[in-house]
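>>> structural data only, the sequence is not supplied:
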Ligand SMILES: Nc1ncnc2c1ncn2[C@@H]1O[C@H](COP(=O)(O)OP(=O)(O)OP(=O)(O)O)[C@@H](O)[C@H]1O
Ligand SMILES: [Mg+2]
């Protein structure tokens, strides 16, 4: 884990080294300052030596200035190093996520990925900043201050050996109590993010089902939990202050009491007593800082683990060593294909599928909801790998292709489609960044989108707010089809992509496909029989199996399921005449 994280320090190694170095300078000076002060008092002020006062005073001022400068510079280096480290970490995670297959994405929730990219990275950033600064400073300060105080007066300094274990033990107990609470808080943040994200993404559904009250309750529960835990954590940490204060006062009282007698008995000078006071503060403060670092590091360990989990996620799709770079044609063959989303062999979503689709054919896929239609077509551009059997495209196993080359040739309009904020033109060019305006218009005509786009005052430059909230469902679907067409693919897959388009326009789209892109293999998943009845072959699916393949007339004569669906839709009064 540490190795993974350290590799992200990258170009910020210099800052990461300079921060502890300047901190060392700061500590050395800070430890020397009480000593200079002691000399100033004993040799200057007490003896009334003006020249000594001036000389030592000058050195003192210089030491203070240098120590302050070192402190500021250390702070700068530490924040630059930690911010850079965090930026590298975020970038590496983001790039890793871009390479995730659908299988990888299924394993993490979106909300948890967002928390990992934001909150967790920030935690690790703070911890790193502390490690290269405070975690260097405090132990060093503790050590040197102890050393100096023993040099000044070993007898008095024994008080530290009594107080430090007592304070350290107390701080340790506090940190140990607080740690699980903090851990819980970060998990609650995960939940809070999920609740808010799902709510915002589904705000229309929430409103139409009048679920606002339920959503508010869900939100309040998580929010309340975070509040309670934070209060608890603060309560535990609040013990830090009295513990610290009592330790400081015990030491100061003891040193003043015994020290004053020593000064009177002239076994110790006033300067030495004053310097001991400074060392007391330095020792105890660094002990407290150390306990804070301890808490911070333990908290961020959970965050670091969650980050590394993303970085180490095993990618389950790999490019072959000598990939095939060109797809010969749009022929598709399934050979004894079985597939399950989980690695559990008993949970198969596709069982023993055999299919033969010639290049250029139009194929309809029909079947009940959850019968495996989307699952079947996702294997063609290798969004998932088969569990058993082989999928061939253009006569070659899809696993032998270069992933990008394969996906260039297989355009898929997903069931849950997404447009991005930007103009219509920009969205279409996702299909092909270099397409000319004429090409854009041509594909939009094919997808029956040209008409409604021109009806907008800004035409093709119309801005799509937030992924197309200002479009109707059917308009969005047609834009997605046009975007896929722009890739000029050898295989075009429409997964329920005309469900929101009226039957007449649906028929026009299919007619345009037949006439304008005859070489492209077209796979059309549909709920309406009318959308597939003119296809070369229709695949009927039921519970993960292909139960029948044939033309409309053949299936009507031989297949019970198909006949039932067809007749129920006829009775439903769909205007099938349009097809
Ligand atoms: N990402 C996924 N992870 C796990 N299981 C999934 C996933 N996607 C689908 N499934 C399961 O696979 C089965 C087939 O789903 P699929 O989406 O292929 O059905 P479909 O025929 O496309 O249905 P619909 O007509 O409703 O779109 C279902 O039982 C579903 O629960
Ligand atoms: Mg589906």
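Great, that's in hand. Note that the coordinates shown come from a computational prediction; the quantities given were computed from them, not determined experimentally. Ligands and ions are numbered 1, 2, ... in the order given.
>>> would you mind listing what in the protein touches ligand 2?
Contact residues (CB under 5 Å from the ion) of the chain with ligand 2: 374, 415. (Each C-beta comes from the backbone N, C-alpha and C, glycine too.)
>>> residue of the chain nearest ligand 2, please.
Residue nearest to ligand 2 within the chain: residue 374 (3.1 Å; CB to the ion).
>>> ok now the host helix or strand of that residue, how far from the chain's centre?
For residue 374, the element it lies in under DSSP states H and E is helix 373-378. When C-alpha coordinates are averaged (CA atoms, centre = their mean, to the nearest Å), helix 373-378 and its chain have centres 27 Å apart.
>>> cool, and stretch 7-25?
How far stretch 7-25 lies from its chain's middle: 26 Å, per CA atoms, centre = their mean.
>>> buried sites along that stretch?
8-9, 12, 15-16, 18-20, 22-23, 25 (16 or more other CB atoms under 10 Å).
>>> the residue of the stretch 101-250 of the chain found nearest ligand 1: neighbour count?
Scanning the stretch 101-250 of the chain for the residue nearest ligand 1 gives residue 106, at 4.8 Å (criterion: CB to the nearest ligand atom). For residue 106, the tally of surrounding residues (other CB atoms under 10 Å) stands at 12.
>>> hang on, the earlier thing: list just the nearest of the buried residues of stretch 7-25 to residue 562.
For the buried residues of stretch 7-25, the residue nearest residue 562 by CB to CB is residue 8; the value is 56.4 Å.
>>> for the stretch 351-500 of the chain, what spans make up the helices?
Using DSSP state H, counting those that start in this stretch, the helices assigned to the stretch 351-500 of the chain run over residues 373-378, 403-409, 424-428, 437-446, 450-455, 473-485.
>>> re the thing from before, can I get the buried residues of stretch 7-25 in a markdown table with distance to residue 124, pLDDT and secondary structure?
Formatted as a markdown table, the buried residues of stretch 7-25 follow (distance: CB to CB, whole Å; pLDDT from 0 to 100; DSSP: H, G, I helix; E, B strand; the rest coil):
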| residue | distance to residue 124 | pLDDT | secondary structure |
| --- | --- | --- | --- |
| 8 | 9 | 88 | coil |
| 9 | 12 | 88 | coil |
| 12 | 14 | 92 | helix |
| 15 | 16 | 92 | helix |
| 16 | 14 | 93 | helix |
| 18 | 20 | 94 | helix |
| 19 | 16 | 93 | helix |
| 20 | 18 | 92 | helix |
| 22 | 22 | 94 | helix |
| 23 | 20 | 93 | helix |
| 25 | 27 | 93 | helix |
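>>> could you identify the most distant pair in those?
Top of the distance list for these (CB to CB): 8 and 25, 27.1 Å.
>>> tell me which helix or strand the residue nearest to residue 185 when sequence neighbours are not counted sits in.
Counting by CB to CB, 6 or more residues apart in numbering, residue 185 lies nearest to residue 229, which is 4.8 Å off, once chain neighbours are set aside. Using DSSP H and E, residue 229 sits in helix 212-237.
>>> now that helix: how far from the chain's centre is it?
Relative to its parent chain, helix 212-237 has a centroid offset of 23 Å by CA atoms, centre = their mean.
>>> name the helices or strands packed onto it?
Here helix 212-237 touches helix 154-201, going by 3 or more CB pairs under 8 Å, 6 or more residues apart in numbering; DSSP states H and E.
>>> recalculate using a threshold of 10 Å.
Applying 3 or more CB pairs under 10 Å, 6 or more residues apart in numbering; DSSP states H and E, we find helix 212-237 packed against helix 154-201, helix 203-208, helix 270-311.
>>> now distance to residue 207 too, for the buried residues of stretch 7-25, in a markdown table please.
Below are these laid out as a markdown table (distance: CB to CB, whole Å):
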| residue | distance to residue 207 |
| --- | --- |
| 8 | 42 |
| 9 | 47 |
| 12 | 47 |
| 15 | 49 |
| 16 | 50 |
| 18 | 55 |
| 19 | 51 |
| 20 | 55 |
| 22 | 56 |
| 23 | 55 |
| 25 | 61 |
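>>> near ligand 1, which residues of the stretch 51-200 of the chain are found?
residue 106 (CB under 6 Å from any ligand atom).
>>> let's go with 8 Å and repeat that
With CB under 8 Å from any ligand atom as the criterion, the stretch 51-200 of the chain meets ligand 1 at residues 102, 106.
>>> pull out the buried positions in whatever helix or strand residue 570 lives in.
Per DSSP H and E, residue 570 falls inside helix 560-571. Residues of helix 560-571 classed as buried by neighbour count (16+ other CB under 10 Å): 561-562, 565-566.
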